[in-house]
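Participant: have a look at this prediction, sequence included:
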Amino acid sequence: MDSSPHPQGDNASISRRGFLKTAATGGALLAALPGGLSRGEEEQTASATSAPPASLLEEKTIDDLAGAMSSGALTSRSITVEYIERIGRVDRAGPALRSVIELNPDAVAIAESLDRERDAKGPRGPLHGIPILIKDNIDTADRMATTAGSLALVGSKPPEDSHVVKRLREAGAVILGKTNLSEWANIRSTHSTSGWSGRGGLTRNPYALDRNTSGSSSGSGAAVAASLCTVAVGTETDGSIVSPSSINGIVGIKPTVGLVSRTGIIPISHTQDTAGPMARTVRDAAILLGALAGPDAQDRATDAGKGKFRTDYTEGLDAHALKGARIGVVRKYFGFLDKVDTVMRDALEVLKAEGAVLVDPADIETIGKYDETEGTVLHYELKADLNAYLARLGPDAPVHTLKEIIEFNEKNRATEMPYFAQETFLKAEEKGPLTTKEYLDALEADIRLSRKEGIDAVMDKHNLDALVAPTDSPAWVTDLVDGDHFLGGSSTGAAVAGYPSVTVPAGFVFGLPVGISFFGRAWSEATLIRLAFAFEQATRHRRPPKYLPTADLRI
């Protein structure tokens with residue numbers, strides 16, 4: 001290893017004993033967990049197989065915790081401390097998931113303040129005092145860093161909270177820490193390993209530790225699955241919320257682009273980027289979405305949401321919502337793995353049994369026709385949007401342009417590029433301005449093919465309420481040599497269109513979770529959430545992980 005900058009000072013490494021002692025006493029928390037694992041450490045911790053001891057917070061919902069705080073059985077402080085201790089037991093020791101890249105040193109103090117406020121005035125709402133983890137590409141103007149998992153941004157100080165964090169703080173949430181992710185939200189290389197970042201190391205799947213978490217919201221997915229928090233925030237450009245949610249056996253909501261502000265989130269594409277909830281239940285995800293959604297004068301995409309924002313996406317949740325719903329089955333997204341098709345066959349039988357009217361097939365005829373243009377748009381927008389984000393950090397930022405990030409990575413290859421390179425960054429750096437004809441033509445094709453001639457066309461043709469398809473394959477074995485082994489998935493149509501998608505657990509393959517996605521027109525979150533909730537209530541497929549060393553092929 002060379003002498004690349006690793007977190008120092010507030011970000012210094014700590015012992016587990018010191019970590020738990022600090023948490024238990026409610027003193028100043030550590031600003032960060034240790035940085036990226038060395039290759040030797042990765043090999044050693046890969047063999048960790050011991051399941052963590054039980055916690056009173058395992059599988060607890062927002063309603064469970066809010067009720068316990070209202071009754072006085074728990075406080076925000078006690079909940080926060082217990083989550084911190086569990087992160088020490090599960091994330092750093094035991095299974096060593098490495099899903100949390102950094103803890104908020106002010107989390108306990110914030111929780112105590114919210115307890116005092118609850119005693120004096122009552123709760124602000126359902127998230128009052130609830131600890132939440134957020135992805136490490138979401139700005140916080142506090143003592144935590146925002147790095148997208150890259151050592152190039154260590155020391156970066158955002159000028160203000162992201163709009164998402166402002167809304168969470170206003171809702172009374174405790175920002176517990178930041179989650180690890182696929183570095184730069186998985187846009188650096190076409191041969192990357194999801195869940196790995198130079199700063200955070202490799203996140204492991206709590207269902208089978210040798211398998212991948214998918215990404216790029218890898219840490220958020222694993223942390224929620226392992227009950228290191230009740231809910232978390234992820235971000236998606238194409239699949240980065242729904243895929244890790246599916247693979248980690250949780251619920252994920254990818255909202256319509258413009259429902260949730262992107263201001264203060266390290267970007268890839270202003271056409272496709274969005275933040276969204278990740279949770280163990282549809283209701284919890286809906287509660288979190290209500291806090292995140294809203295207009296922002298700094299993000300013009302939210303202008304289109306005028307009159308469409310809701311503060312409560314739990315309204316109308318009904319276990320019988322599938323009755324009479326017209327749902328199209330997008331068969332073009334099937335067929336990549338027989339075992340997944342079997343899970344989906346059973347899921348479709350549930351939909352019919354619950355009274356849904358299935359239109360099967362209801363294929364999107366344009367699937368596959370915008371794969372190349374999507375890549376072109378992402379290359380152009382990555383350069384423009386990332387440079388604009390870095391400019392907001394000011395002259396004292398560690399890096400100021402995509403070009404400087406590329407140069408940093410080259411100078412620090414041993415720590416930043418030990419497993420995969422940065423060919424996508426290089427392609428993006430070659431692109432011109434957003435007035436270039438190649439970009440404008442690709443953007444027009446993306447919008448037309450994914451919306452008018454894609455999702456909207458099939459939904460109009462069959463008068464549908466939603467579309468369904470398998471979200472993703474089961475988790476693959478993590479491969480740092482050859483990178484990810486994607487078999488198939490259904491995220492791209494909704495991602496390119498900027499339309500919403502909700503994934504919910506649908507079953508298991510050899511003990512590995514598989515999700516089903518409900519997706520549809522712009523601003524149809526409320527409908528999709530109701531349908532996903534009804535499916536969840538009819539099936540109850542969610543079950544906690546066992547932290548096995550590898551998948552149990554006897555299941």
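Facilitator: Nice, I can see it.

Participant: show me what the spatially most central residue of the chain is bridged to.
Facilitator: Central residue of the chain (CA atoms, centre = their mean): residue 234, 2.7 Å from the mean position. Taking DSSP bridges as the rule, residue 234 bridges to residue 276.

Participant: and it, what does it touch?
Facilitator: 135, 217, 220-221, 240-241, 244-245, 252, 275-278 (CB atoms under 8 Å, 6 or more residues apart in numbering). Bear in mind the C-beta positions are built from the backbone N, C-alpha and C, glycine included.

Participant: quick one: the helices in the stretch 351-500 of the chain, in order.
Facilitator: Along the stretch 351-500 of the chain, counting by DSSP state H, counting those that start in this stretch, helices occupy 371-392, 402-411, 413-416, 423-429, 437-447, 456-462, 492-497.

Participant: ranking those by burial, who's on top?
Facilitator: Mean neighbour count (mean count of other CB atoms under 10 Å) peaks for helix 492-497 among the helices of the stretch 351-500 of the chain, with a mean of 27.

Participant: which residues in this structure form strands?
Facilitator: Listed in chain order, the strands of the chain (DSSP state E) span residues 100-103, 131-135, 174-179, 196-197, 201-202, 231-236, 251-254, 274-279, 326-329, 357-359, 466-470, 501-509, 512-519.

Participant: sheet partners, orientation included, of the first one?
Facilitator: If I follow you right, that is strand 100-103. Partners of strand 100-103 in its sheet, by DSSP bridges: strand 174-179 (antiparallel).

Participant: any idea how far the strand it pairs with is from the chain center?
Facilitator: The chain centre lies 13 Å from the centre of strand 174-179; the measure is CA atoms, centre = their mean, to the nearest Å.

Participant: now tell me what touches it from outside.
Facilitator: With CB under 8 Å, 6+ apart, strand 174-179 has contacts from 76, 80, 83-84, 87, 99-104, 107, 110-111, 114, 129-136, 138, 140, 142, 144-146, 165, 168-169, 217-220, 223, 229, 232.

Participant: closest one to residue 298 among the helices of the stretch 351-500 of the chain?
Facilitator: helix 371-392 (10.0 Å; CB to CB).

Participant: give me the residues contacting the closest one.
Facilitator: Contact with helix 371-392 is made by 158-159, 187, 237-238, 266-273, 397, 399-402, 405, 424-425, 427-429, 431-434, 436, 438-439, 441-443, 445-446, 449, 492, 496, as judged by CB under 8 Å, 6+ apart.

Participant: got the angle for that helix vs helix 402-411?
Facilitator: Here helix 371-392 points in a direction 90 degrees away from that of helix 402-411 (axes from the mean of the first three to the mean of the last three CA atoms, to 10 degrees).

Participant: may I have helix 371-392 as PDB, with CA atoms only?
Facilitator: What follows is helix 371-392, C-alpha atoms only, in PDB (Å, rounded to 0.1, in the frame of the first residue of the first chain):
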ATOM      1  CA  ASP A 371     -29.200   0.900 -23.400                       C
ATOM      2  CA  GLU A 372     -26.600   2.700 -25.500                       C
ATOM      3  CA  THR A 373     -28.200   6.200 -25.300                       C
ATOM      4  CA  GLU A 374     -28.600   5.800 -21.500                       C
ATOM      5  CA  GLY A 375     -24.800   5.300 -21.300                       C
ATOM      6  CA  THR A 376     -24.200   8.400 -23.500                       C
ATOM      7  CA  VAL A 377     -26.500  10.600 -21.300                       C
ATOM      8  CA  LEU A 378     -24.800   9.400 -18.100                       C
ATOM      9  CA  HIS A 379     -21.300  10.100 -19.400                       C
ATOM     10  CA  TYR A 380     -22.200  13.700 -20.400                       C
ATOM     11  CA  GLU A 381     -24.200  14.400 -17.200                       C
ATOM     12  CA  LEU A 382     -21.600  12.800 -14.900                       C
ATOM     13  CA  LYS A 383     -18.900  15.300 -16.000                       C
ATOM     14  CA  ALA A 384     -21.200  18.300 -16.000                       C
ATOM     15  CA  ASP A 385     -23.100  17.500 -12.700                       C
ATOM     16  CA  LEU A 386     -20.100  16.300 -10.700                       C
ATOM     17  CA  ASN A 387     -18.000  19.400 -11.700                       C
ATOM     18  CA  ALA A 388     -20.900  21.600 -10.600                       C
ATOM     19  CA  TYR A 389     -21.200  19.700  -7.300                       C
ATOM     20  CA  LEU A 390     -17.500  20.100  -6.600                       C
ATOM     21  CA  ALA A 391     -17.600  23.800  -7.400                       C
ATOM     22  CA  ARG A 392     -20.100  24.200  -4.600                       C
END
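
Participant: now stretch 399-413: mean pLDDT?
Facilitator: Taken as a whole, stretch 399-413 has a mean pLDDT of 98.

Participant: hang on, I meant stretch 194-206
Facilitator: So the average pLDDT for stretch 194-206 ends up being 98.

Participant: what do you get for stretch 464-480?
Facilitator: 98.

Participant: any idea how far apart the tips of that stretch sit?
Facilitator: Separation of the first and last residues of stretch 464-480 by CA to CA, to the nearest Å is 42 Å.

Participant: report the buried residues of that stretch.
Facilitator: Going by neighbour count (16 or more other CB atoms under 10 Å), the buried part of stretch 464-480 is 464-476, 478.
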